[in-house]
Every structure is written in C-alpha cells, then in structure tokens.
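In: Coordinates for the following, if possible.
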Amino acid sequence: MPSNYQGTPDEVEALSAFINLMRAGDSVAAVLQRDIAQNELTNSQFGVLETLLHRGPLFQGELAQKLLRCTGSITSVVDGLEKKGMVERRRESHDKRYVRVSLTPKGKKAIEQVFPKHVRAVVQLFGSLTREEQGELRRLCAKLGKSARKD
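Out: Here you go, the predicted structure:
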C-alpha cells in the first residue's frame, strides 16, 4: 500500500516501503501469535524458552540482549515462566547480581513440543516467497537493521 503523503519521491517511496514492512510484519506476527497462544504462552515467553533451548542457560541480561528487550521486561517474563515451572534461576556465587536462567525438564518438554509446530507455521507463511526471495528479504532486513542501529 503506497503512502498518501504528498512529499518528495524519496519520502513517498521510503514511507510506502515502511508501511508495507510494518503491515507484513504485523500480519505474520498475528498468525504466529495465535499458534503460540494456543500453547498458553506469550510471544515473549516463547522467545525465552526457544532461546534457552537453542543457546542453553543464559544470564537474564544476555536473554534481554538476544531478544532485543530491556532487562526489566525479561525479568517479568522469567517470573511468569518460573511460576509455571518452566525455567529456574540461579544466582552466581561469585556475584549475586548475575542470575542464570535455564530450562526445567517441564520447560524443555514444552518448547520441544511447540517449536516444531512453530517452524512449520513459519515455513508455510514464507512459502509464498522463493528461497532466493527469502534470502534477499533476510539481506535487506539485515541491512536496514544495521542502518537503524548506527543512529
């Protein structure tokens, strides 16, 4: 969907690209969120469980960094997962400020059941693009993301 803004050609093109990117991202996120919610998880909880499954135990700060979230929001997500018995926290003996988060057997079992369904849903959604288009999309998103981080 093009922008209705009556600016310069560069402004109109950039705004139109932004609108398309946001709408596509929102549409994909909505579909995947429905799948995740069926497993009584939020997107953030799923992200923490998936990261711990593939990266192993991490400090809360590392989790926040990997998931592009602030440490405070990760703390509340981990709180919820800990109450569900899916993760456990351990303070480091050398520095009590550092809290390592790891999956419990219950959490590992849950994410190992949910993740393959998630992968299938992502593959299905991205099936409208060829592998080459998916690669180009990945490269363009990385380029845009690097540019945004410079500011």
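
In: I'd like the distance between Glu112 and Glu50.
Out: 10 Å (CB to CB, to the nearest Å). To be clear about C-beta, it is placed using only N, CA and C from the backbone, and glycine gets the same treatment.

In: More neighbours: which of those two?
Out: Per other CB atoms under 10 Å, whichever of Glu112 and Glu50 has more neighbours is Glu50, with 18 against 12.

In: so the more buried one makes contact with Ile111?
Out: Yes: using CB atoms under 8 Å, Glu50 makes contact with Ile111 at a distance of 6.1 Å.

In: Could you point out the helix or strand that follows the longest helix seen in the chain?
Out: With DSSP state H setting the assignment, residue counts place helix 9-37 as the longest helix in the chain. Note on helix 9-37: by DSSP states H and E, the next helix or strand toward the C-terminus is helix 43-55.

In: So what touches the helix or strand following that next one?
Out: Heading C-terminal from helix 43-55, the first helix or strand you meet, by DSSP H and E, is strand 58-59. Contacts with strand 58-59, where a contact means CB atoms under 8 Å, 6 or more residues apart in numbering, come from 51-52, 66, 98-101.

In: Of the residues you listed, which is the nearest to Ala148?
Out: Lys66 (17.6 Å; CB to CB).

In: State the pLDDT value of the closest residue to that closest one other than its chain neighbours.
Out: Ranked by CB to CB, 6 or more residues apart in numbering and with sequence neighbours excluded, the top spatial neighbour of Lys66 is Thr51, at 5.4 Å. For Thr51, the pLDDT comes out at 97.

In: and the gap between Thr51 and Leu144?
Out: 23 Å.

In: Also Glu11?
Out: From Glu11 to Leu144 the distance is 17 Å (CB to CB).

In: Same check on Arg138?
Out: 11 Å.

In: ok, how many other residues are close to the residue lying closest to Leu103 once chain neighbours are set aside?
Out: Leaving aside its chain neighbours, Leu103 sits nearest to Leu52 (4.8 Å; criterion: CB to CB, 6+ apart). Neighbour count for Leu52, taken as other CB under 10 Å: 23.

In: All further residue positions should be reported with the first residue as 465.
Out: New numbering, starting at 465: the last item is Leu516.

In: dump the residue contacts of Leu516.
Out: Neighbouring residues of Leu516 by CB under 8 Å, 6+ apart: 522, 527, 551, 565-567, 571, 575.
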